[in-house]
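Colleague: coords please:
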Amino acid sequence: MDIDAFVTAHRPQWDRLEDLVRRRRSLDGVEVDELVDLYQRVATHLSIVRSHAPHSPLVGRLSALVARARSAVTGAHAPAVRELVRFVTVVFPVVAYRARWWWAGVAAAFLLVATALGAWVAGSPEVQAAIAPPEEIKELVEHDFADYYSENPAASFAAQVWVNNSMASMQVIASAVLLGAPIPYILWINAENVGLIGGLMVANDRADVFFGLITPHGLPELTAFFLAAGAGLRLGWTMIAPGPRRRADVLAEQGRAVASVAIGLVAVLLVCGLIEALVTPSPLPTWARVGIGVLAEAAFLGYVAYFGRRAAAEGETGDIELAPDAAPTAG
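Modeller: Residues are numbered from 1 along each chain as shown. Alright, predicted model coming up:
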């Protein structure tokens with residue numbers, strides 16, 4: 001297809017549509033009909049250009065014009081309640097579901113490192129002595145670790161945990177702009193902390209206290225952290241290997257999807273903070289506290305699996321509706 005000839009033939013219609021979109025609040029009945037007709041025509045033009053010249057700069061211009069025209073034709077944005085329902089049932093779960101192998105891989109690597117370090121520390125008195133003096137280790141395993149969860153009022157502790165965990169997850173996701181390079185280091189630091197403390201607790205016969213306190217909130221909290229890391233790494237890889245599509249298009253789509261993960265995890269981590277503040281230090285028996293953590297983990301994974309698989313089967317990507325770099329089709 002001759003792009004120059006195509007532009008020459010249809011530019012008057014595009015210019016007229018731009019003018020109508022710009023004046024959409026003052027259009028009369030005839031002009032509204034013309035707006036609808038031109039919107040359909042230009043959407044068709046966009047489909048033709050996408051098919052014959054997908055890398056042409058014209059695709060970007062027509063995509064933006066069609067998106068603005070569609071907004072003018074369909075009127076105001078969808079109600080906030082509808083947007084919230086879509087986010088909860090489609091956007092967040094489908095992004096998490098589509099990145100499932102990324103965060104499953106992150107989880108496996110994290111747990112492998114933490115377990116190996118924990119076993120090394122627990123089985124080596126020399127390593128334990130290198131970490132801290134015996135009196136400091138005794139204070140940690142007998143008092144400090146357990147006291148951490150109950151030394152502050154539950155409400156303020158929950159808020160503190162929520163903010164800290166949310167910031168950590170945002171830090172991981174934001175690292176994607178550097179091709180995800182900082183993410184393995186962030187994961188290593190956290191796995192190292194878990195492994196070292198766990199190893200010291202196990203070596204001092206406090207394994208029941210360690211797992212009894214860390215499991216209730218740790219299961220969903222670590223899962224949220226793994227999801228953030230997996231989504232960030234996936235975005236970073238998109239910059240390196242975008243596939244057959246243009247890098248800018250794929251990056252924009254994945255960037256918006258990852259932003260959805262960041263927003264969704266704020267709610268997930270709020271639940272984790274409440275569990276850490278109200279359940280972990282509670283007088284409930286260990287089996288009950290651990291059971292609550294397991295139920296929370298199962299509920300989150302089930303939610304992602306059910307809604308995410310369903311949305312993925314319907315072709316959803318988690319991208320926003322009317323994305324400016326996504327080309328609508330006519331009809």
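
Colleague: neighbours of the residue nearest to Asn204 when sequence neighbours are not counted, how many?
Modeller: Spatial nearest neighbour of Asn204, chain neighbours left out: Val141 (4.4 Å); criterion: Cβ to Cβ, 6 or more residues apart in numbering. C-betas here are computed from N, CA, C, even on glycine. By other Cβ atoms under 10 Å, the residues close to Val141 number 20.

Colleague: Leu112 now?
Modeller: Other residues near Leu112 come to 11 when the count uses other Cβ under 10 Å.

Colleague: helices and strands around the one helix or strand it maps to, which ones?
Modeller: Following DSSP states H and E, one finds Leu112 within helix 100-122. For helix 100-122, the elements it packs on are helix 125-131, helix 182-203, helix 207-240, judged by 3 or more Cβ pairs under 8 Å, 6 or more residues apart in numbering; DSSP states H and E.

Colleague: gap between the nearest residue to Gly212 once chain neighbours are set aside and Leu274?
Modeller: Leaving out its chain neighbours, the residue that sits closest to Gly212 by Cβ to Cβ, 6+ apart is Thr286, at 4.2 Å. From Thr286 across to Leu274, the span is 19 Å (Cβ to Cβ, to the nearest Å).

Colleague: with Arg234 instead?
Modeller: 29 Å.

Colleague: next one: Lys138
Modeller: 32 Å.

Colleague: so which of the two has more stuff around it?
Modeller: Neighbour count, other Cβ under 10 Å: between Lys138 and Leu274, Leu274 has more, with 18 against 14.

Colleague: need the three-state assignment for the more buried one.
Modeller: helix (DSSP: H, G, I helix; E, B strand; the rest coil).

Colleague: against Thr280, how distant is it?
Modeller: Distance of Leu274 to Thr280, given as Cβ to Cβ: 10 Å.

Colleague: flag the shaky bits of the stretch 51-200 of the chain, pLDDT-wise.
Modeller: Residue ranges of the stretch 51-200 of the chain with pLDDT under 70: 75-80, 152, 154-158, 161-162, 165, 176-177, 179.

Colleague: picking that back up, number of residues surrounding the residue nearest to Gly212?
Modeller: 14.

Colleague: what's the closest non-adjacent residue to Ser282?
Modeller: Closest to Ser282 by Cβ to Cβ, 6+ apart is Arg289, at 6.6 Å.
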